[in-house]
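>>> Output the structure for:
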Amino acid sequence: MVSSTEVTGQTTPSGIDDSVARALASGFGGDVLHRGDAGFAEVAPVWNGMIEHTPTLIARCSSAQDVSRAVRFAADNNLYPAVRGGAHNIAGTATCRDGLVIDLSPMREVTVDPQQGRAWAGGGATWADLDRATQPHGLAAPGGLVSKTGIAGLTLGGGLGWLRRKHGLSCDNLVAAEVVTADGQIFTASEKENSDLLWGLRGGGGNFGVVTKFEYALHPVGPEVMFSFTLYPLESGRQVLQGWHEFCQAAPDEVTSIVLCGTVPEEEPFPPDIHRRQFVALATMYAGPVEDGRRILSPLQALGEPLCDFSSPAPYLEIQSNFDGDYPDGRRYYWKSLYLKQFDETVIDQVLQLAAERPSSLSTVDVWQLGGTMGRIPADATAFGDRGAPYLLGVESNWDDPAEDTRNRDWTRAACARMERFSNGNSYLNFEPDSVPVEQDSAREQRLCRLKRLYDPDNLFRQNHNIRPV
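Numbering: from 1, shown residues only. The predicted model follows:
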């Protein structure tokens, strides 16, 4: 599920003088900000505080034509542009050092056709933008778990969210896209037109161009759903996780669940007497009638003596933003992941041990339930690749003090190395901060490289988990 990639270190030539910047700004519909301009400092940072690169130019695009102009400018000036949508990814690929950022964040318009069950969203839209437009019609496209996340990066890397088992990944529900390729041409990618490009956009990362508009298939969801969220003490973890695993084995597609192992924060709504307690939480949404969900999810609230239980029906919009507060802008983030082949007692004990050893109380060790609809889509149907793993392990290191960077980063890498023997060898692209391993000589790999040669033969778009056109 990870493309053959190499992150370049996000460095680009720094010699962009004012006259060159003015050349880009001439005829540009949006704003071109040069380092030092008013407003530059406000828009330059990205979500992950670990990423401290500062570009020289930010082209804030208002249309696909602006994007095309910025792409041509980059090619003409030997720049390797970074592309910014929601700027909310772990790897920090939405910015670069001393170069050009093509910023789509002003392009956030969303149009919905409820009769057709389709939504069209600009490349700078977030999931909050999309959900606010679709939920008044009782519809949703499968998104992520944090509403501030941009639709672009999440979709192009796959897109794991609360609807993955019922309706598939975000990329599975991408039915068409408007794309600016490396030569500045504007293409439409759909099943009928440039279908090879659509295949690559469904999980192949940002390698083939700048997606300026996304068309999604929508599904009936909400407006209210059943959400189960129960925290148990970490010391009860083995019993809880064994029970959760048994529950997952028989769960219908409407059930999507995640284990979160962390530390209770010192804030509401958590009762003061459990602050700073280590927990195992089961967060589960039921994508169907609320009363069915209440009945089907009730066993998850009875796997031991809970620390607290927030299980209740809630608006889907609220569920989509439940975890926003846990991931503020500017915090330092370093995450890694592995797809797990099994979830037996040995794996459970290892997960609980990692949870107990976390160097930061803000970090979590998570296990994502997979399968369902997303698992039944053939591996060669999208660039996302194989979907056979039943679970995903996510090691999310989050902290605030820059002095703790090395400690947390090293621990995250070591944690995944310890779990490698339980993995199928793959990881989730959107949870990867570093370069990722090459799938040697796979049919998927060869197809991705052919697409890269076709649409970006000079590797202009390399500020990403990069597929080399070789």
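>>> Just the endpoints, please. Distance across stretch 275-294?
28 Å (CA to CA, to the nearest Å).
>>> Figure out how far that stretch is from the centre of its chain.
Stretch 275-294 sits 21 Å away from the centroid of its parent chain (CA atoms, centre = their mean, to the nearest Å).
>>> let's number from 125 now, not from 1
New numbering, starting at 125: the last item is stretch 399-418.
>>> So for it, mean pLDDT?
Averaged across stretch 399-418, the pLDDT comes to 97.
>>> Could you pull out the buried residues of that stretch?
401-412, 414, 417 (16 or more other CB atoms under 10 Å). In short, each C-beta sits where N, CA and C put it, glycine included.
>>> Next: stretch 575-594.
By neighbour count on 16+ other CB under 10 Å, the buried set for stretch 575-594 is 575-576, 579-580, 583-591, 593.
>>> Would you reformat these as TSV and include secondary structure and distance to Glu520?
Shown next, in TSV, are the buried residues of stretch 575-594 (DSSP: H, G, I helix; E, B strand; the rest coil; distance: CB to CB, whole Å):
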residue	secondary structure	distance to Glu520
Leu575	helix	31
Lys576	helix	30
Tyr579	helix	33
Asp580	coil	31
Asn583	coil	31
Leu584	coil	32
Phe585	coil	27
Arg586	coil	27
Gln587	coil	23
Asn588	coil	21
His589	coil	18
Asn590	coil	24
Ile591	coil	26
Pro593	coil	33
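>>> on that earlier part again, could you provide the buried residues of stretch 399-418 in JSON lines, with additional columns for distance to Cys220 and secondary structure?
Below are the buried residues of stretch 399-418 laid out as JSON lines (distance: CB to CB, whole Å; DSSP: H, G, I helix; E, B strand; the rest coil):
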{"residue": "Arg401", "distance to Cys220": "42", "secondary structure": "coil"}
{"residue": "Gln402", "distance to Cys220": "39", "secondary structure": "strand"}
{"residue": "Phe403", "distance to Cys220": "39", "secondary structure": "strand"}
{"residue": "Val404", "distance to Cys220": "39", "secondary structure": "strand"}
{"residue": "Ala405", "distance to Cys220": "37", "secondary structure": "strand"}
{"residue": "Leu406", "distance to Cys220": "40", "secondary structure": "strand"}
{"residue": "Ala407", "distance to Cys220": "35", "secondary structure": "strand"}
{"residue": "Thr408", "distance to Cys220": "39", "secondary structure": "strand"}
{"residue": "Met409", "distance to Cys220": "37", "secondary structure": "strand"}
{"residue": "Tyr410", "distance to Cys220": "42", "secondary structure": "strand"}
{"residue": "Ala411", "distance to Cys220": "38", "secondary structure": "coil"}
{"residue": "Gly412", "distance to Cys220": "44", "secondary structure": "coil"}
{"residue": "Val414", "distance to Cys220": "46", "secondary structure": "helix"}
{"residue": "Gly417", "distance to Cys220": "44", "secondary structure": "helix"}
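>>> any idea which of those is closest to Asp222?
Ala407 (41.0 Å; CB to CB).
>>> wait, isn't that closest one in contact with Thr380?
No. Counting by CB atoms under 8 Å, Ala407 sits too far from Thr380 to count as a contact (9.3 Å).
>>> in its sheet, what does the helix or strand Val299 falls within sit against?
Using DSSP states H and E, Val299 sits in strand 298-304. Strand 298-304 pairs in its sheet with strand 310-314 (antiparallel), strand 334-341 (antiparallel), by DSSP bridges.
>>> Ok, which of those strands comes nearest Glu469?
strand 334-341 (39.8 Å).
>>> Tell me how this structure divides into domains.
Structural domains annotated on the chain: 234-344, 348-555, as defined by automatic domain parsing.
>>> Quick one: those domains as CSV, columns for distance to Gly153 too.
Formatted as CSV, the domains of the chain follow (distance: least, CB to CB, whole Å):
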stretch, distance to Gly153
domain 234-344, 13
domain 348-555, 27
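>>> winner for burial among the ones you listed?
Most buried of those by mean neighbour count (mean count of other CB atoms under 10 Å) is domain 234-344; its value is a mean of 22.
>>> picking that back up, taking the buried residues of stretch 575-594 as a set, which two sit the farthest apart in space?
Top of the distance list for those (CB to CB): Leu575 and Gln587, 18.0 Å.
>>> closest one to Phe152 among the strands paired with strand 298-304?
strand 334-341 (14.8 Å).
>>> C-terminal to that closest one, which secondary structure element comes first?
Next along from strand 334-341, by DSSP H and E: strand 343-344.
>>> Between strand 402-410 and the helix or strand following that next one, find me the angle.
Next in sequence after strand 343-344, counting helices and strands by DSSP H and E, comes strand 348-357. For strand 348-357 against strand 402-410, the angle by axes from the mean of the first three to the mean of the last three CA atoms, to 10 degrees is 160 degrees.
>>> Now the helix or strand following strand 348-357 - C-alpha only, PDB.
Downstream of strand 348-357, the first helix or strand assigned by DSSP H and E is helix 361-374. The C-alpha trace of helix 361-374 is given here as PDB (Å, rounded to 0.1, in the frame of the first residue of the first chain):
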ATOM      1  CA  GLY A 361      -5.700  -4.200  28.400                       C
ATOM      2  CA  ARG A 362      -5.300  -7.900  27.600                       C
ATOM      3  CA  GLN A 363      -8.800  -8.800  28.600                       C
ATOM      4  CA  VAL A 364     -10.200  -5.800  26.800                       C
ATOM      5  CA  LEU A 365      -8.200  -6.300  23.600                       C
ATOM      6  CA  GLN A 366      -9.000 -10.000  23.400                       C
ATOM      7  CA  GLY A 367     -12.700  -9.200  23.800                       C
ATOM      8  CA  TRP A 368     -12.400  -6.500  21.100                       C
ATOM      9  CA  HIS A 369     -10.700  -8.800  18.700                       C
ATOM     10  CA  GLU A 370     -13.500 -11.400  19.200                       C
ATOM     11  CA  PHE A 371     -16.100  -8.700  18.600                       C
ATOM     12  CA  CYS A 372     -14.300  -7.600  15.400                       C
ATOM     13  CA  GLN A 373     -14.300 -11.100  14.000                       C
ATOM     14  CA  ALA A 374     -18.100 -11.100  13.800                       C
END
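>>> separation between Arg574 and Ala313?
15 Å (CB to CB, to the nearest Å).
>>> try Leu384
Leu384 is 36 Å from Ala313, by CB to CB.
>>> in what helix or strand does the residue most central in space within the chain lie?
In the chain, the residue lying closest to the centroid (CA atoms, centre = their mean) is Leu278, at 3.8 Å. Using DSSP H and E, Leu278 sits in helix 275-280.
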